[in-house]
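Novice: Next input, structure requested:
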Amino acid sequence: MATAMGPAAPTDACYMLIHPRLDVETPNLQTLKRNLERGTDDIKAEALQQVISGTLQGENHDQLLMHIIRFVMPTRNKTLKKLLLLYWEVCPKYEADGKLKQETILICNALLNDLQHPNEFIRGSTLRFLCKLREAELLEPLIGPTRECLSHRHAYVRKNAVEAVSSIYRTLPHLIPDGPELISGVLQTEADMTCRRNALTMLTQSAPALAVQWLKENAQLVSGFEELLQLAVIDLIRRTARDFASEKALFIRCIFELLNAAPSAVKYEAATTLVTLSSNPAAVKAAASCYITLATKESDNNVRIIVLERLDRLRMRHEGIIDDLVMDLLRVLTAPDLDVRRKVLGIVMKLTSQRNVNDVISMLKKELAKTVSDASDYDKNTDYRLLVIQTIHSCASQFPEVAASVVELFLDSIADFGASSATDAIVFIREVAEKFPDLRQGIVSHLVASFMDFKAGKVMRGALWILGEYAETPDEIREVWTRLRKAIGELPLLAAEQRELDAASASADGAEKSAEPKAASSGSRRILADGTYATESSLTARATEASSLKLDSKPPLRAVLLHSDFFTGTVLASTLTKLVLRFARASSADEEQQVNSLRAEAVLIMAGIIRIGQSSFVTTPIDEDSYDRVLACIRALEYMDEDSDVLTEAFIDDTQSAFARLVKGETKRVEEEERKHSNDNAVQVDDVIEFRLLAAANKGASVSAEDTLEHDIELATGEAEGRAAVSKLDSVVQLTGFSDAVYAEAYVNVNQYDILLDVMVVNQTNTTLRNLSIEFSTLGDLKLVEKPTTYNVAPFSFSSVKASIKVSSTETGVIFGTIVYDGPNVNDSHSIVLNDIHVDIMEYIRPARCDSAQFHAMWTEFEWENKVNMSTTKEAAENLDLRAYLQHIMRATNMACLTPTNALAGDCGFLSANLYARSIFGEDALANISIEKPMEESPITGHIRIRAKTQGIALSLGDKISAAKVSLSE
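Specialist: Down below sits the predicted model:
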């Protein structure tokens, strides 16, 4: 590598890191010499392996070169010959002054003999080794035998000879100037498919005109080629389509034939190439059909997801063209993997239109029925059932014409769903009831008919809210009231439970009298943690036992109340209050007695809820909030005559309008996201129009990046980001001090799954630094891929060192290391400790969205929590409100706010919101922020709770929030 001050000494490549075995002692130089000189073939092989490993680790084994040439190179052992080729590849071939070592002439003679060896394995291995040589002095005498190997009788030799010619022509074309013509002749006469593939690959890279001419002559035979040659043909078409635009019809015809090939790899590459050649609707549909076929037939879920991502990208680039294939795509739902199904349903939602929505809904109904009817896998299908319900929900929200049939399906099947699926279904039904007033009467009737089948408290709460809001006529209210009374059971609640308990106690007296006294008394005492006795009330024990034994046989609302679900009790109280108020408003003066009857019965039920919550029949007493809410409903009915208008507005008008605002806000958010997505592909009217036909002539024009294979490589290496030169300075980290003998700074280039360190090393002394190397180590889920090479740096010159580090998760990572170099004297060795490089977690965190149910499920599941207290100074809070502070935290953590915008509106001095993000590795990060600012001049105080599945994400996000808090205060 050249430096700014002149040419540096040649460096030796170092390809890998091999961890030394701790249980094996590393032999010294004399031992290796003895084993190479006098040992058996097995001992020589082991010694040569140790030499190769040491050379790769940077050890100097120059003194062993002649021993290997004298005692190992003449061997006929095939294993030793293979190891020799590996050693020739890694051993230093240059002197310190940059000249080739004299011993390499002996190596050249040995390679010449191996190229003429009668054994085809030795010939082929030697030819493959020539692909890695870059020294013209070594390769020049070997050109003749290499050309002769192109006509060898064995295909193994011929295919490696083609590779050798290709490599030599690419690096040193003057050694074999007729290489393309030579390989073209081989391609015309060769029968072996692997040799033909290697030859075509060489022509594609070095002489594309010859490759295209061969394709024109053999276009009719493409469908009969083997997989490797078909892939080479596709690569040829992809690389030469622009330069040979006149042959586009030929290329498209070949690609269409390869779409029907048997190998999956060929079908995938053909479909990907076809859409780069043509944007014709027929070509786009053919490529999409090929992707769908692959996703249906492939058994590997990773392959399916990759193919589906390609299909999604194709859909985004060609809106509306592949909508007709949505039914074919639904066949991929036969895959058992949930991630594949989720990806399929996500694409299906984007392909659904007015023309095919009925067919899509019909297919999804069948899938939903399968998840319910399959009793053996009912629990396993819970997640998939919820996914299908959410998809049907979204589909019906976008296309109101199918909402009626979907609501009917959910109402008929909701009793068969699990708790989570039924909850999502009832949420959808509530939304439809608000959006479509014509469907409310049918929804209320269905809910009344199926209310007794509900078991989960969440489902009951949703159903009660719908019944309380949309049962408007007196007949509907009477019907709902009758069903709720049946779901509650006998009144008063506490007295009925007490009578049942007394009856159960009386029937059990005979059994207790027959039991032994000792056994009877043993249940009345308990031993506490301190060793003392505690007497348990027999009433409590028997009440809990009696209620738990018969809980399943009780009416549904009564069962959830005895199960201490008093949140449902508060919703029941609110529903009863709404029904009484609605009935009073809708009834005539003659029905006042009936109004008072409903009013008294509602108060009796609410009082029963409070009394049973304070009794010993429940395991957990009623909480204070539920108690206050039920009591407020009782008082509302008590003063109904005096404040009828105020109560009606509070319980009926305000609640319904609040939900209407919530639905409108969510609809508006979805529309804004769709509008933002549609604007991504929009261009301004004065933007420059780029013509693909002129792209080859105009190198400055930028062609659609999706059309090139190079774009995928740029995405993988991070070169497609196009960062400004000034912004790159933010990623420069100083590793040593200005007063150190060696100054070093690193540019940290973070890609998706790896980190590239480009370290600039400056020699600040007036002496040459020999064998300078940087030894990196990592902490966390980071892995050093390659060891940086060794350099000799001239006085006051600099050199560039690169290191690649793989990243496997967003756990906190630290890169540290030292610079090691030798001074002018032999034993003069020095080292400099480098500053640590901390990996920024924000490089891997992306804002994401999820629904409320998913957020709460993950919040319950994740075990790692980090609580960060928030506070600002009065000066910082003067011009900062709570919403601005929330935006500041969101920018610092790269998280999205899940709380609706209308919920954050207003100025009450308190703000609470949920935040969510996901890493590129699929790791979820949750946060809940609760902050307050009681007065205009008060500081902002509160806390943020972060939850994640791994500790590293929780701690790293906490550090980011703390840093953002400090920066705001400053």
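Novice: ok, and what's touching the host helix or strand of residue 114?
Specialist: Here residue 114, judged by DSSP states H and E, is contained in helix 104-115. Here helix 104-115 makes contact (C-beta atoms under 8 Å, 6 or more residues apart in numbering) with 69, 73, 81, 84, 88, 93, 122-123, 125-127, 129-130, 135, 137-138, 141-142, 145-146, 149. Any C-beta I mention is one placed from the backbone N, CA and C, and that applies to glycine too.
Novice: can we see that at 6 Å?
Specialist: With contacts defined as C-beta atoms under 6 Å, 6 or more residues apart in numbering, helix 104-115 is touched by 69, 73, 88, 93, 122, 126, 138, 141, 145.
Novice: backbone phi and psi for the second one, please?
Specialist: Dihedral angles phi and psi of residue 73 (degrees, to the nearest 10) take the values phi -60, psi -30.
Novice: residues contacting it?
Specialist: By C-beta under 6 Å, 6+ apart, residue 73 lies in contact with residue 110.
Novice: One more: the third one?
Specialist: Taking C-beta under 6 Å, 6+ apart as the contact definition, residue 88 lies against residue 107.
Novice: same question, the fourth one
Specialist: For residue 93, the contacting residues are 101, 104, by C-beta under 6 Å, 6+ apart.
Novice: before we move on, the earlier item: inside helices: which ones of the contacts of helix 104-115?
Specialist: Among the contacts of helix 104-115, the ones falling in helices (DSSP state H) are 69, 88, 122, 126, 138, 145.
Novice: From those, pick the one nearest residue 496.
Specialist: residue 88 (94.2 Å; C-beta to C-beta).
Novice: quick one: the closest one from residue 861, how far?
Specialist: Noted for residue 88: a distance of 56 Å to residue 861, by C-beta to C-beta, to the nearest Å.
Novice: Of all pairs in the contacts of helix 104-115, which one is the farthest apart?
Specialist: So, the contacts of helix 104-115 by C-beta to C-beta: farthest apart are 93 and 122, at 21.5 Å.
Novice: If you rank the ones in helices among the contacts of helix 104-115 by neighbours, which is first?
Specialist: For those, the largest number of neighbours (other C-beta atoms under 10 Å) sits with residue 126, at 28 neighbours.
Novice: Leaving out chain neighbours, which residue sits closest to that residue?
Specialist: residue 114 (4.2 Å; C-beta to C-beta, 6 or more residues apart in numbering).
Novice: Residue 222 too?
Specialist: Leaving aside its sequence neighbours, residue 222 sits nearest to residue 254 (C-beta to C-beta, 6+ apart; 5.1 Å).
Novice: my read: that neighbour touches residue 221, true?
Specialist: No - Residue 254 is not in contact with residue 221 according to C-beta atoms under 6 Å; the separation is 10.2 Å.
Novice: more crowded one of those two?
Specialist: More crowded of residue 254 and residue 221, by other C-beta under 10 Å: residue 254, with 23 against 9.
Novice: Per-residue confidence, that one, what does it come out as?
Specialist: You'll see residue 254 listed with a pLDDT of 92.
Novice: residues in contact with the helix or strand it falls within?
Specialist: Using DSSP H and E, the element containing residue 254 is helix 248-258. Applying C-beta under 6 Å, 6+ apart, the contact partners of helix 248-258 are 219, 222, 223, 230, 237, 241, 266, 270, 273, 274, 277.
Novice: Likewise for stretch 222-230?
Specialist: Contacts of stretch 222-230 with the rest of the structure, by C-beta under 6 Å, 6+ apart, involve 193, 196, 197, 233, 254, 257, 258, 263, 266.
Novice: can you pull the contacts of the first one?
Specialist: Applying C-beta under 6 Å, 6+ apart, we find residue 193 in contact with 226, 229.
Novice: can you rerun that using 8 Å?
Specialist: Taking C-beta under 8 Å, 6+ apart, we find residue 193 in contact with 225, 226, 228, 229.
Novice: Could you turn the buried ones of those residues into a PyMOL selection?
Specialist: Buried members of these, defined by 16 or more other C-beta atoms under 10 Å, are picked up in PyMOL with:
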select buried, resi 225+228+229
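Novice: Now tabulate the contacts of residue 193 in CSV and tack on distance to residue 323 and pLDDT.
Specialist: Output for these, formatted as CSV (distance: C-beta to C-beta, whole Å; pLDDT from 0 to 100):
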residue, distance to residue 323, pLDDT
225, 34, 89
226, 36, 89
228, 36, 90
229, 36, 90
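Novice: OK, contacts around residue 400?
Specialist: 435, 436.
Novice: Please report how far it lies from residue 595.
Specialist: Distance of residue 400 to residue 595, computed by C-beta to C-beta: 37 Å.
Novice: and the top helix by length along the chain, what does it pack onto?
Specialist: Secondary structure of the chain per DSSP H: the longest helix is helix 654-680. Helices and strands touching helix 654-680, by 3 or more C-beta pairs under 8 Å, 6 or more residues apart in numbering; DSSP states H and E, are helix 419-435, helix 457-470.
Novice: same thing but 6 Å
Specialist: Of the remaining helices and strands, none touches helix 654-680 by 3 or more C-beta pairs under 6 Å, 6 or more residues apart in numbering; DSSP states H and E.
Novice: pLDDT of that helix, averaged?
Specialist: On average, helix 654-680 scores 75.
Novice: buried ones in that helix?
Specialist: For helix 654-680, a neighbour-count test (16+ other C-beta under 10 Å) marks 655, 659 as buried.
Novice: what angle separates it from helix 419-435?
Specialist: Using axes from the mean of the first three to the mean of the last three C-alpha atoms, to 10 degrees, the inter-axis angle of helix 654-680 relative to helix 419-435 is 100 degrees.
Novice: re earlier: out of the contacts of helix 248-258, grab the one that's most surrounded.
Specialist: Among those, residue 237 has the most neighbours (other C-beta under 10 Å), with 28 neighbours.
Novice: Identify the residues contacting it.
Specialist: By C-beta under 6 Å, 6+ apart, the neighbours of residue 237 are residue 251.
Novice: Could you say which helix or strand holds it?
Specialist: Counting by DSSP H and E, the element that carries residue 237 is helix 227-240.
Novice: Give me the angle between that helix and helix 248-258.
Specialist: Relative orientation of helix 227-240 versus helix 248-258 (the same axes, to 10 degrees): 150 degrees.
Novice: From residue 199, how far off is residue 222?
Specialist: For residue 222, the distance to residue 199 equals 16 Å [C-beta to C-beta].
Novice: cool, residue 341 as well?
Specialist: Counting by C-beta to C-beta, the gap from residue 341 to residue 199 is 44 Å.
Novice: for residue 657, same thing?
Specialist: Residue 657 sits 76 Å away from residue 199, going by C-beta to C-beta.
Novice: Over to residue 633?
Specialist: Remark: distance between residue 633 and residue 199 (C-beta to C-beta) = 86 Å.
Novice: More neighbours: which of these two?
Specialist: residue 199 (32 against 25).
Novice: in terms of contact, does the more buried one touch residue 186 like I think?
Specialist: Yes - Residue 199 lies in contact with residue 186 (C-beta under 6 Å); the separation is 5.1 Å.
Novice: got the domain boundaries for this protein?
Specialist: The domain map for the chain lists 453-509+540-677, 727-839, 842-969, with the assignment taken from automatic domain parsing.
Novice: can I get these in JSON lines with distance to residue 381?
Specialist: Shown next, in JSON lines, are the domains of the chain (distance: least, C-beta to C-beta, whole Å):
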{"stretch": "domain 453-509+540-677", "distance to residue 381": "17"}
{"stretch": "domain 727-839", "distance to residue 381": "30"}
{"stretch": "domain 842-969", "distance to residue 381": "17"}
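Novice: can you tell which of those is closest to residue 332?
Specialist: Of all those, domain 842-969 sits nearest to residue 332, with 20.7 Å by C-beta to C-beta.
Novice: where does the closest one sit relative to the chain's centre, distance-wise?
Specialist: On the basis of C-alpha atoms, centre = their mean, to the nearest Å, domain 842-969 sits 21 Å off its chain's mean C-alpha point.
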